[in-house]
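Q: My questions are about this predicted structure, shown below with the sequence.
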Amino acid sequence: MNIPILYEDNHLLVVEKPVNIPVQEDRSGDVDVLSALKKDIKRRYQKPGNVYLGLVHRLDRPVGGVMVFAKTSKAASRLSDQLRRGTIDRQYLAVVHGVPKKKQATLRHFLFKDRQKNQVFSVDRNYPEAKAASLDYHLLGKESNKSILNVRLHTGRSHQIRVQMATEGFPLFGDQKYGSRVNKPGEQIALWAHTLEFAHPTTKETLRFVSKPPNLYPWELWNDRDQVYQTYG
């Protein structure tokens, strides 16, 4: 498995997750990113015994892009605390069907995850186990009744971007689970973890990493327009 390393020191490992690979071991039994990275660290540094690598956040299996892992338990604890406090900036690129009327907006929903079906639903706020979810989006461009959005998460709910955009009537391109009526089987979901910014767990230095999606359809509709891939402060 080829996992590009964007940054590494004694505390952190920042990588570009490949698409269609689980972040951690799941029921499929397929090779996962976390296990592959541990094996790679063990090989490169000739470490005896088990290798520690902390999972700080997750990406859905079909989604690619930038991720950070912690190489020490102290780094894991401090990064997880940043995540809880909402001080880690996570920005995504998403291609959706249709064109939102508002160029930018904040979306707020309440989501419920059916764990048996591994599916998330937008529900009333009083629904049992409903959790608040919010995100901001910016419309970056439109082409052939598709739009490319920059999305900033404020909460980290399962399938959040996919469900919230579908609820608003703009399902993600290629999303079979939440956009089966407009997507064809076999299409790759167009959701990419574009930007990750956080404070280094020991030096407190602000670190910012950017990953561009592959030059494949539908991303290629915008790949010659650098202004599309700007990040938002």
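A: Structure's in. What do you need?
Q: From now on I want contacts and neighbour counts done on CA atoms only, so please keep to that.
A: OK.
Q: From the rest of the structure, what touches stretch 59-66?
A: Here stretch 59-66 makes contact (C-alpha atoms under 8 Å, 6 or more residues apart in numbering) with 14-23, 159, 188-196, 209-213.
Q: thought residue 132 was touching residue 107?
A: No: applying C-alpha atoms under 8 Å as the test, residue 132 and residue 107 come out as separate, 10.6 Å apart.
Q: buried set for the host helix or strand of residue 92?
A: Element membership of residue 92, judged by DSSP states H and E, is strand 89-97. For strand 89-97, burial by neighbour count (16 or more other C-alpha atoms under 10 Å) applies to 89, 90, 91, 92, 93, 94, 95, 96, 97.
Q: before we move on, back to that, identify those among the contacts of stretch 59-66 that sit within strands.
A: Those of these mapping onto strands are 14, 15, 16, 17, 191, 192, 193, 194, 195, 196, 209, 210, per DSSP state E.
Q: Check which helix or strand residue 38 maps to.
A: Element membership for residue 38 (DSSP H and E) is helix 33-45.
Q: The following helix or strand past that helix: how far from the chain's middle?
A: Per DSSP H and E, the first helix or strand lying C-terminal to helix 33-45 is strand 54-55. Relative to its parent chain, strand 54-55 has a centroid offset of 15 Å by C-alpha atoms, centre = their mean, to the nearest Å.
Q: Pull the residues that contact stretch 210-224.
A: Contacts for stretch 210-224 (C-alpha under 8 Å, 6+ apart): 16, 64-66, 95, 141, 143, 190, 192-196, 228-229.
Q: ends of it, how far apart?
A: End-to-end distance for stretch 210-224, by C-alpha to C-alpha, to the nearest Å: 17 Å.
Q: Check which residues of it are buried.
A: 210, 211, 212, 213, 218, 219, 221, 222, 223.
Q: What of stretch 192-210?
A: 192, 193, 194, 195, 196, 197, 198, 199, 200, 201, 209, 210.
Q: In TSV, list those residues along with pLDDT and distance to residue 49.
A: Shown next, in TSV, are the buried residues of stretch 192-210 (pLDDT from 0 to 100; distance: C-alpha to C-alpha, whole Å):
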residue	pLDDT	distance to residue 49
192	97	34
193	97	32
194	95	34
195	96	33
196	97	31
197	97	32
198	98	30
199	98	30
200	98	27
201	97	25
209	97	31
210	94	33
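Q: would you turn those residues into TSV with distance to residue 103?
A: Formatted as TSV, those follow (distance: C-alpha to C-alpha, whole Å):
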residue	distance to residue 103
192	20
193	20
194	19
195	20
196	23
197	24
198	27
199	30
200	33
201	35
209	25
210	23
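Q: Just list the residues touching residue 133, thanks.
A: 108, 109, 110, 111, 154, 155, 156, 157, 160.
Q: Please read the previous query as pertaining to residue 106.
A: 134, 135, 136, 137.
Q: Among these, which one has the most neighbours?
A: Using other C-alpha atoms under 10 Å as the neighbour test, the contacts of residue 106 are led by residue 137, with 24 neighbours.
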